[in-house]
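Asks: Build me a model:
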Amino acid sequence: MKAAKLYGAKDIRVEEAQLPALQEGMVKVKVEFAGICGSDMHEYMAGPYPIRKQPVIGHEFSGTVIQVGEGVTDTKVGDRVAIEPLIACGTCVNCKRGFANLCVRQDGYGYTLSGGFAEYAVVKQENIFRLPDNMSLELGALVEPTAVAVHAVRQSQLRLGDTVAIFGAGPIGLLLLQSVKAAGASQIFIVEVSEERRKKALELGATHAINPIDTDAAHSIKEATNGGVDVAYDAAGVQATFVAGVGSVRPGGEFKVVSVWEKPVTFDPNMIVRSEAKISGSYAYNNLFPEVIRLLASSVIDGNAVITSMISLDDIVEKGFELLAQDRKQCKILVNMNM
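Replies: Residues are numbered from 1 along each chain as shown. Next up is the predicted model:
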C-alpha cells in the first residue's frame, strides 16, 4: 500500500509500505480521510518523537471497514468509522487509576503502530467507533482532535458563566473555543496573530479577538475582566503565549496547557505565588469518542469550520506540511485518500 513515512525533520516520503497482518480481534479499514495534527507538524519540523517505533504517520483518521478478523463482533464490513489511536495496556498503575491516556506502556496508531496517512489501516476492534448516518467521514477525521479539546475543557475548572482566554486559534484553539462555548463560558477571549484566524474565531462565538503583536494581551484581558479570566488555555505552545496566558488569569484561576512544545519555557514563578493561580496540563483524552461523535454529529461543535484544505496523499508535503508551516490562514488540512 502507499503511505506517508517520516524519516526525520523535514523528511516525509510517500512510498510503499507493508500493511500489518489482519489478526484475531482486528479489522481492516480503507482510510478515507486523515488530518494533519499539530503534533505531526512538530515531528516534521523538529524530528521524530522518542516514542516513534515505525515511520507511517497519521493518527487523526476515518474510513470504511472492508474486512474483519476472527472474533470481531462489534463491527462489520461497510461500517463507516473513526479510529481512536491510543491503545492503553489496561494493567499499569495509571490505567488502573482510570487514566488510560497516561498509560506508561501505551501504543498508538501513527506512532508505535502503522498510522492513518496510508491507503489502509489494520486496527483493534475496540479502537473502532461507528459514525451515525448523518455524520460525514470528513468529520470522522475530526473526532480525535475534537476529543483533545473536549478533554481539556472537562479537565479544567471551568464552570457555567466563567470567563475564558484561549491562546492560539489553530485547529485545537478553535475546537477549544467551541467546547468552552458549549460548556457555558460567558466571555471568550481569543489571542492569535493571524487576522484570518481571529475572524474565524469571532464567527464561531468568541466575544473578543486580540492580536498580541500590537496589544498586550494579558493586560487587555485583565482590564476587560476586572482582574483576569477564570481559565486560560494554551493552544499555541510558545514562550510568549505561556507568559501571557499565566498573566491573564485571575487570582485562584487556572492556566491549562493543551499544546505540545518544541522548546522549554521560562517564567517568573512569583506570578503564580502571588495569585495562587494554577498551572495544569491536559494530555489527549480518556474514553471520550462516543460523546465527541455526538457533539460533531449534532453540530454542537462545527468541525467543518476548521477544515481549510483537502489534498491528496501525494501532495502531503508541499500542500500539507509545508503550507501549514508557511501560511497562517490554513487551519486543518485533510488528506483525502480518494484524490
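Asks: The stretch 1-150 of the chain: strands as residue ranges?
Replies: Using DSSP state E, counting those that start in this stretch, the strands of the stretch 1-150 of the chain run over residues 2-8, 11-16, 26-35, 60-68, 80-83, 86-87, 107-108, 120-124, 128-130.
Asks: Out of these, flag the one nearest residue 338.
Replies: Of all the strands of the stretch 1-150 of the chain, strand 26-35 sits nearest to residue 338, with 6.8 Å by Cβ to Cβ. For the C-beta atoms, the positions are set from N, CA and C on the backbone; glycine is no exception.
Asks: Columns mean pLDDT on top of the strands of the stretch 1-150 of the chain, output as CSV?
Replies: Converted to CSV, the strands of the stretch 1-150 of the chain look like this (pLDDT from 0 to 100):
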stretch, mean pLDDT
strand 2-8, 97
strand 11-16, 98
strand 26-35, 98
strand 60-68, 98
strand 80-83, 98
strand 86-87, 97
strand 107-108, 97
strand 120-124, 98
strand 128-130, 98
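Asks: among those strands, which is nearest residue 322?
Replies: strand 11-16 (9.9 Å).
Asks: In contact with the residue most central in space within the chain, which residues are there?
Replies: The C-alpha lying nearest the average C-alpha coordinate of the chain belongs to residue 145 (Cα atoms, centre = their mean; 3.0 Å). Applying Cβ atoms under 8 Å, 6 or more residues apart in numbering, we find residue 145 in contact with 35, 37, 60, 171-172, 175, 332.
Asks: And residue 295, by the same measure?
Replies: By Cβ under 8 Å, 6+ apart, the neighbours of residue 295 are 146, 150, 182, 301.
Asks: Now for those residues: which two are most distant?
Replies: 146 and 182 (11.1 Å).
Asks: which of the contacts of residue 295 has the most neighbours?
Replies: residue 146 (29 neighbours; other Cβ atoms under 10 Å).
Asks: sorry, back to before: turn the strands of the stretch 1-150 of the chain into CSV, columns for distance to residue 260 and mean neighbour count.
Replies: Converted to CSV, these look like this (distance: least, Cβ to Cβ, whole Å; neighbours: other Cβ atoms under 10 Å):
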stretch, distance to residue 260, mean neighbour count
strand 2-8, 15, 19
strand 11-16, 18, 13
strand 26-35, 15, 24
strand 60-68, 14, 23
strand 80-83, 20, 24
strand 86-87, 15, 19
strand 107-108, 14, 18
strand 120-124, 23, 23
strand 128-130, 24, 19
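Asks: now those as TSV including distance to residue 306?
Replies: Listed next are the strands of the stretch 1-150 of the chain as TSV, based on distance: least, Cβ to Cβ, whole Å:
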stretch	distance to residue 306
strand 2-8	21
strand 11-16	22
strand 26-35	9
strand 60-68	12
strand 80-83	16
strand 86-87	21
strand 107-108	22
strand 120-124	23
strand 128-130	20
